[in-house]
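**Student:** Generate coordinates for the sequence data below:
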Amino acid sequence: MIIVENAIISEDIADRCFCCDITQCHGMCCVEGDAGAPLEKSECEELAKIMPVIRNYMPAEGIAEVERTGVSATDETGALCTPLVNNRECVYAVFENGVAMCAIEKAYFDKKITFRKPVSCHLYPIRIEDYGEFQTVNYHVWDVCCSAVCNGEKQGTPLYIYLKEPLIRRFGKRWYNELVARCEEFNNKDK
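**Tutor:** Now for the predicted structure:
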């Protein structure tokens, strides 16, 4: 295990390669699964605030579900998450040429909002669990992402490098720099 400050990090973060290839997976992480993407309370507030903008990017089914249930839902454990359309895709998923894209992120890239998307989406396939005094940072293995694993291995892109931006967004630059040092130590220990 790797430890940075109060985070216990799975060694998979250091030694697994990963690089999304949306042309192969078609954005299925926004469609498959048993619940929506995890949300923080502050993100629910932000989504409510920017909804008048992002609804312009959302499909009618997603808008109808948000109008019915709100910008967030709860999963079976009571944790906040994005709502789903017909218990399938995220309400914020929009399809272009058969590929699921994020309506929030599309508005962000169009410079209509400053919120990119929920940090859990930005960090995927990393999942974080908060245990009060410490957090766990784990790699979530999912067959939907097998093309991303193959692409990452082909390019030689470690997961912690691929997810640099969202890791800095979540934990800060100093934490990330420490993570890089720990991952490099881990990867060089047997050489």
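
**Student:** Can you give me the pLDDT of the residue most central in space within the chain?
**Tutor:** Centroid-nearest residue in the chain: Cys121, 1.9 Å away (criterion: C-alpha atoms, centre = their mean). Looking at Cys121, its pLDDT reads 90.

**Student:** Provide a list of residues in contact with it.
**Tutor:** 29-30, 37, 102 (C-beta atoms under 8 Å, 6 or more residues apart in numbering). C-betas here are computed from N, CA, C, even on glycine.

**Student:** Start from the N-terminal end of this structure and give the helices.
**Tutor:** For the chain, the helices defined by DSSP state H cover 12-15, 22-25, 41-54, 60-69, 103-109, 119-123, 146-155, 159-162, 164-171, 173-188.

**Student:** Mean pLDDT lowest where, among these?
**Tutor:** helix 22-25 (a mean of 86).

**Student:** That one: how far from the chain's middle?
**Tutor:** 16 Å (C-alpha atoms, centre = their mean, to the nearest Å).

**Student:** likewise stretch 165-185?
**Tutor:** The mean C-alpha position of stretch 165-185 is separated from the chain mean by 16 Å, C-alpha atoms, centre = their mean.

**Student:** what's next to that stretch, contact-wise?
**Tutor:** 2-5, 7, 9, 13-14, 119, 122-123, 126, 128, 158, 160-161, 164.

**Student:** Of these, keep whichever come out buried.
**Tutor:** 2, 4, 7, 9, 13-14, 119, 122-123, 126, 128, 158, 160 (16 or more other C-beta atoms under 10 Å).

**Student:** ok, back up a step: in strands, which of the contacts of Cys121 appear?
**Tutor:** Among the contacts of Cys121, the residues falling in strands (DSSP state E) are Cys102.

**Student:** Format the contacts of Cys121 as TSV; extra columns: pLDDT.
**Tutor:** Listed next are the contacts of Cys121 as TSV, based on pLDDT from 0 to 100:
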residue	pLDDT
Cys29	82
Cys30	82
Ala37	90
Cys102	94
